Structure formats: C-alpha cells, structure tokens
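**Student:** the following comprises the amino acid sequence and a computationally predicted model.
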Amino acid sequence: MDDLSALTAAIEVGDRTTAVALARAAVESGVDTREVLGAMTGAMEVVGKRFQCNEIYVPEMLIAARAMKESMAVLEPVLVKAGIRPEHTAVIGTIKGDLHDIGKNLVAMMWKGANIGVVDLGTDVSPEQFVAAAQEHHADIVGVSALLTTTMVGMKDVVVALREADLPDVRVVIGGAPVTREFADQIGADGFATDAGGAVEAVKHALAS
Amino acid sequence: MRLAALTCEVLARSVYLCAARSPHVVDVRLNRRGLHDDPPNLRAILQTELDATGPPYDAVVLAYGLCGGATAGLRAGSIPLVVPRAHDCITLFLGDRARYQAEFVGNPGTYWYVQDYLERTDEGSAFGGVGAVSDAAARATHQEYIEKYGEDNAAYLMEMLGAWRSHYNRAAFVEMSIAPEQAAEAAERRARDDANRRGWRFDRLAGELVLIKGLIDGAWDPADYLVLQPGERLAMSYGEDVIRAEGAPAG
C-alpha cells in the first residue's frame, strides 16, 4: 500500500495518529498537494457511502471525521500557500428553536471532508442570521438542520428569507431525521438529506440543479 | 364503543385514569418508553399492533404524537385509527399544542420531566428527563466504545454525543395531579435534583388531561384529533394541524 492509500485507509477507520503522521510525511516529502487532498476527501466519500449503506454508524463516522479534520490541519497551510481554496462555501446551522446539533456537526465535518469551506453558525439560528451569514461569506450553500418536527416547519422561513434577500445562486440544503423529500419540495429547498452520509451528495446534486 | 388504546408508558397513569373514567370499554396497551430514539423501529412496533387489532374493537386510539416522525406512515388496520394532533407527548401532558408551541418558542432549552418517565427510569439513572438515557446505559455505551475504538476515541465520542446538554438551561416538570402526593413529590424532587446538578432553572407546570381524556372518551374534535379510516395512512402536514390522512397504497 502506498502512503496515500494508507492515509485514505487511516482516515476511513478513524486512526487519527497514523493519518496525521502520513499527511505530514506526504507534505514534507513534497507529494502533490492536490493528490494528498484527493486521498483525504476520497476517504470521507467512502465513509459517507458506508454510513448510508448501514455498514458503519455515527461513532465510526465521528472518529473518521476527527481523523480527517486533524489531517486537514496539517495540509491547510500548504493549500493556502499553493492558492488552493475550497470550490464552494457553505454556512450551516440548526433551525431556530432547535438545539440538537450532533447531526449538524457531522454534516459540517462531512462537507469539510469534501473540501467545502464551512461556516458553522451553531444552534437556534434565525432566518435573518442565515441570510446575513450567506451574504457576508459569499456562500453558495446554506445548510439548515432540524431534529424536531416542531422546529422543522421553520425551515420554510429560511428559504423565503434567502429568496427575498435576492441570493438566487445560493442553494438551500435541509437535513435532519424528520426531513423528507416531500417537505423539501414543498418549501422550495434545493436539496435534502436525512443523515450526514447523504449530505455531500445532496450538496452536489443541489449545485448541479 | 370498545377501544384499544396504544400508548407509551410515559403516559401510563394519565391513560389508565382516563380509561377508568371513560364511557367506553377501553383496553390499554403500553409500549416501553424511549422508543422514539429509533423512529422506524417504533413505527414497525405500532404497525404490527395496528395490523393485529380489529373487531370486536371499534377503533384504535393512539396516545402518541409524531414522536420524531415515528407515527408518520402508520396505516390504519381494519378499524379506524385515532391520533391526537401533537408533535410529541409533551403536547399531551400540557393539553394544548398551542401552549406547547409557546413554551417551545419561549424556552427552547427546556428539558421535560414527567411522573411516569421518572418512576420508570432504569436502575442507576441519575438523569430522568423525558428521552434521557440512563447513566447505566451511558456507562455501557462508553465501555462498548472503549472495546471497539479504544480509550481515546471513546472519550471523544462520549464528549461529542453528550454535548447537547450544554445547550439546555431549564428543567420543566409537568405535574398531572394524578399520582399520590408522596409519589408526585418524589418525582418532582428528582427533577429538581437534575436541575440543580446541571445548573438549570426549575419550573413546575400544571398539566392538563384534556387531550388524553378526549382521545379515550371518543370526543374526537377534528381540530385536535385525526381519524384515519381503513385504507388511509398518517402523514406529516408540516402545518399547525401537524398530521393529515392520505391514501395508503395497497400492500
């Protein structure tokens, strides 16, 4: 197994010590930065798919995402120096009134793992805050998460606020256990995912629409 | 009428009381509390019960809310199925979904406490809020994580999965005035202890039986209850009425 394959494998199983060491070795030995990045994002793609197929669960996903995050910290200065920036920027938060953020945090990790720049607004985020952050960070993706059926209806207000703020290029991706395609269509969201495993795919799909 | 009342044990005392006083003949069946953690599983359990319940019952009354979407998709069996328009059991305890909504908007960081949940917690549970896992269960999970992923990852997972608690700031105990004084006081004391330990504000709210009573009494005002006929299934409405009926595909 070459070093990049080993890096991919280490992230997939959440072995952060090995992953960080391999990322550092790759950077220091001058391996092409994009290749290193590709090895890392490829790992998270596999993790997301395995999660969706119920081959792994939230714990495995969390530890893989931590290994990814720490490896990425090694690579980031090199990426900045090389002028390699994430192609897309997302702002993400849980909907107003909803304080449950495990899912949102996982999605943020998965998006970062797919080399999407992520601005995390935290929990209990109002439509106005989503709009302001999207404008400030020139986001092309807004991610809204809800765990409760009580709060998920408020997602519609975020879609309306973004449309009224004249941000036509922003794609709204909603997610959370109770979220359905029917609901996403009904409120005019551009994409949806019921779990973090499908969140990267949902963004890709929404951006292509 | 003869009614089959399916409910969660978190509503046990309330449903038993209403069943005892109902003008109808009511058989009560309890499911274990906490099943909303896995909505597809709860849905499957309830569907199995619905499919197995027909005449001589005239209807099944379901003392559940949407419970994380668990009841969305449930099909009526061979007899009508009646469901309160509620997101979760807290609406049923407060007796009014508008009241629950106001509580929710005013105090999003509220952890709810009720008599039946507290007195049916597993052994070794220090934390008795509705939906909380017991300390014993948390310890077992931690041990499982250590065995599977090692100490370092296990500590990280427990931190990540327990981080939600930092977002809460209020414990609300709903007093239904059903249990004997001593039992009610013991339950309230446990809720207060939780609040003190976590530095949360404690509030005691008076519960209202009205929604549970209406369900069990057969007083199914369409504003508060949805009646599903055989061939229909429950869907989320995403509006103030919470749930609606839709045709269930055959099979």
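**Tutor:** Right, received. Where do you want to start? Keep in mind that this is a model prediction, so the values were computed, not measured.
**Student:** in which helix or strand would I find residue 50?
**Tutor:** This is for chain A. Secondary-structure assignment from DSSP states H and E places A:Arg50 in helix A:33-52.
**Student:** that answer is for a different chain, and I need it for chain B
**Tutor:** Secondary structure assignment for B:Leu50, by DSSP H and E: helix B:39-51.
**Student:** can you tell me which residues in chain A are near chain B?
**Tutor:** With CB under 8 Å from any CB of the partner chain as the criterion, chain A comes near chain B at residues A:14, A:58-60, A:62-63, A:66, A:97-102, A:105, A:123-124, A:147-153, A:156, A:177-178, A:180, A:183, A:186-187. Yep, even glycine has a C-beta here, placed from its N, CA and C like the rest.
**Student:** drop anything exposed from the residues you listed.
**Tutor:** The neighbour-count test (16 or more other CB atoms under 10 Å in any protein chain shown) applied to those identifies A:14, A:58-60, A:62-63, A:66, A:97-102, A:105, A:123-124, A:147-153, A:156, A:177-178, A:180, A:183, A:187 as buried.
**Student:** all strands of the chain, in order?
**Tutor:** You didn't pick a chain, so chain A it is. When assigned using DSSP state E, the strands of chain A occupy the ranges A:88-94, A:116-120, A:141-145, A:171-175, A:191-193.
**Student:** chain B is the one I meant
**Tutor:** Per DSSP E, chain B carries strands over the ranges B:2-8, B:25-31, B:59-63, B:81-84, B:110-114, B:170-175, B:201-206, B:225-228, B:232-236, B:243-247.
**Student:** and of those strands, who's closest to chain A?
**Tutor:** Taking CB to the nearest CB, strand B:232-236 is the member of the strands of chain B nearest to chain A, at 6.4 Å.
**Student:** quick one: low-confidence parts of chain A?
**Tutor:** By pLDDT under 70, the weakly predicted segments of chain A are A:1.
**Student:** one more time with 80
**Tutor:** Low-confidence segments of chain A, defined by pLDDT under 80, span residues A:1-2.
**Student:** so what's the residue count around B:Glu181?
**Tutor:** B:Glu181 is flanked by 8 other residues according to other CB atoms under 10 Å in any protein chain shown.
**Student:** and the closest residue to B:Asp58 other than its chain neighbours, how far from chain A?
**Tutor:** Leaving out its chain neighbours, the residue that sits closest to B:Asp58 by CB to CB, 6 or more residues apart in numbering or on different chains is B:Met1, at 4.2 Å. According to CB to the nearest CB, to the nearest Å, B:Met1 stands 30 Å off from chain A.
**Student:** settle this for me: B:Met1 is touching B:Pro55, isn't it.
**Tutor:** No - using CB atoms under 8 Å, B:Met1 is not in contact with B:Pro55, being 11.7 Å away.
**Student:** compare those two (neighbour count), which wins?
**Tutor:** B:Met1 (13 against 8).
**Student:** give the contact list for the more buried one.
**Tutor:** Applying CB atoms under 8 Å, 6 or more residues apart in numbering or on different chains, we find B:Met1 in contact with B:His24, B:Val25, B:Asp58, B:Ala59, B:Gly218.
**Student:** mind doing that once more with 6 Å?
**Tutor:** For B:Met1, the contact set (CB atoms under 6 Å, 6 or more residues apart in numbering or on different chains) comprises B:His24, B:Asp58, B:Gly218.
**Student:** what about A:Cys53, neighbour count?
**Tutor:** 9.
**Student:** show me what residue of the stretch 1-150 of chain B gets nearest to chain A.
**Tutor:** Counting by CB to the nearest CB, the stretch 1-150 of chain B gets nearest chain A through B:Gly69, at 4.1 Å.
**Student:** ok, that residue touching A:Val179?
**Tutor:** No - under the criterion of CB atoms under 6 Å, B:Gly69 is not in contact with A:Val179, lying 8.9 Å apart.
**Student:** joint contacts of these two?
**Tutor:** With CB under 6 Å, 6+ apart applied, the contact sets of B:Gly69 and A:Val179 do not overlap.
**Student:** longest single helix anywhere in chain A?
**Tutor:** Secondary structure of chain A read by DSSP state H shows that its longest helix is helix A:58-81.
**Student:** that one - contacts with which helices or strands?
**Tutor:** In terms of contacts (3 or more CB pairs under 6 Å, 6 or more residues apart in numbering or on different chains; DSSP states H and E), helix A:58-81 is packed against helix A:3-13, helix A:16-28, helix A:33-52, helix B:135-161.
**Student:** could you tell me the angle between the last one and helix A:58-81?
**Tutor:** Using axes from the mean of the first three to the mean of the last three CA atoms, to 10 degrees, the direction of helix B:135-161 lies 10 degrees away from that of helix A:58-81.
**Student:** keep only those of the residues of chain A next to chain B that are in helices.
**Tutor:** For the residues of chain A next to chain B, the ones inside helices are A:58-60, A:62-63, A:66, A:102, A:105, A:149-152, A:156, A:183, A:186-187, with DSSP H as the criterion.
**Student:** tell me the one of those residues nearest B:Met236?
**Tutor:** A:Thr149 (6.4 Å; CB to CB).
**Student:** enumerate every residue touching the closest one.
**Tutor:** The neighbourhood of A:Thr149, defined by CB under 6 Å, 6+ apart, consists of A:Pro178, B:Leu66, B:His87.
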